[in-house]
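Asker: Next one to model:
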Amino acid sequence: MSLMLGARWDHASQVERFKKAATAGLIDYAEVNYPIDIGSDPFALGLRVLAHTSYNPTCSALGVPEGVARRVKEGADRAASPWIGEHLSVLAEAGLGSLGYQINPLFTPEVRDIAIENVTALKSYYGRPVALELGPAYVGATAYPSEMHFLVDVAKATDCDLILDVTHWQITNRNLGRSVDFGFDALPKDRIIELHVAGMRLGSDKRHWHDAHHLLPPDEVIDQVVALAHALPNVRAVTFEHHVTGSEDDFIGTLERLAQGLARCRGA
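Answerer: So this is what the prediction gives:
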């Protein structure tokens, strides 16, 4: 199967830039981050849809909210998505002390067991494969050589594939003062089926890096994504995550650069 290139979809304000990219032959799919707003219909673009979510607290001892999982499943079923992307994270439902976005769990055996239970239940409920990813880290792993080892433990125990978010990985390595390839040797290469790439920014403390979907990915991260897509045996999708508040020219330009780098993998 040829490698697919796509972009993350969050809401209807992205329609025009997605149409422009699709007309230019730059994207093969929209990766829809469920749940989405009522009235937001990525299927109207005529593109393939891959299902993803940032809203399930897969590492929470409270379990996964039924309402969120149901809406993710509905979207994935409509799309016949080959897998559903899930984060290994802790977060709370709105009104229950939300932390604002995903927070990495403590990387301990106890939390690993909670994650295994939650992910196993989600896989059964979804009735389709799940691919796991990590957010950026700001502190080192508590009881593992690295956060990647924790991710692999959960993936193997639940027979899940992996999404390697290259930007998250590089943010973590910068934050923890590690080499650019730190942690990669822990990953089973045959389980990596998707790569993510997005922008990043240096925080006001001039020390910590953060995800920044409205910005361009650094050149070295784009180059790393292209190299990994050519080297990894089972990668089927590369997803560019770019928020609608970012420049449309940046969106199209980055997709053009990725498409050029991935041309041989995409069968072009």
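
Asker: Tell me who's in contact with the closest residue in space to L195 that isn't next to it in sequence.
Answerer: With C-beta to C-beta, 6 or more residues apart in numbering as the measure, V238 is the residue that lies nearest to L195, at 4.8 Å, once sequence neighbours are left out. No exception for glycine: its C-beta is placed from N, CA and C like everyone else's. Residues in contact with V238 (C-beta atoms under 8 Å, 6 or more residues apart in numbering) are 3-6, 194-197, 225, 229, 258, 262.

Asker: Which members of those residues are classed as buried?
Answerer: Among the contacts of V238, those classed as buried by neighbour count (16 or more other C-beta atoms under 10 Å) are 3-6, 194-197, 225, 229, 258, 262.

Asker: Among those, name the ones in strands.
Answerer: Using DSSP state E, the members of these that fall within strands are 4-6, 194-197.

Asker: Tell me the confidence at Y101?
Answerer: For Y101, the model assigns a pLDDT of 61.

Asker: for N175, that is, sorry about that
Answerer: 95.

Asker: contacting residues for it?
Answerer: Under the criterion of C-beta under 8 Å, 6+ apart, the neighbours of N175 are 136-138, 207-209.

Asker: Quick check: what element follows the helix or strand hosting F18 along the chain?
Answerer: Using DSSP states H and E, the element containing F18 is helix 15-23. On the C-terminal side of helix 15-23, the closest following helix or strand by DSSP H and E is strand 29-34.

Asker: from the chain's centre, how far out does the longest helix along the chain sit?
Answerer: In the chain, ranked by residue count with DSSP state H as the criterion, the top helix is helix 109-126. Computed by C-alpha atoms, centre = their mean, to the nearest Å, the chain-centroid distance of helix 109-126 equals 18 Å.

Asker: For the helix or strand following that helix, which strands pair with it and how are they oriented?
Answerer: Along the chain past helix 109-126, the next helix or strand (assigned with DSSP H and E) turns out to be strand 130-133. The partner list of strand 130-133 in its sheet, established with DSSP bridges, is strand 84-87 (parallel), strand 161-165 (parallel).

Asker: Helix or strand with the lowest mean pLDDT in this protein?
Answerer: The helix or strand of the chain with the lowest confidence, counting by mean pLDDT, DSSP states H and E, is strand 209-211 at a mean of 90.

Asker: Note down every partner strand of that one and its orientation.
Answerer: Strand pairing for strand 209-211, using DSSP bridges, gives strand 200-202 (antiparallel).

Asker: what's in contact with the partner strand?
Answerer: By C-beta under 8 Å, 6+ apart, the surrounding residues in contact with strand 200-202 are 167, 170-171, 208-212, 215, 217-218, 221.
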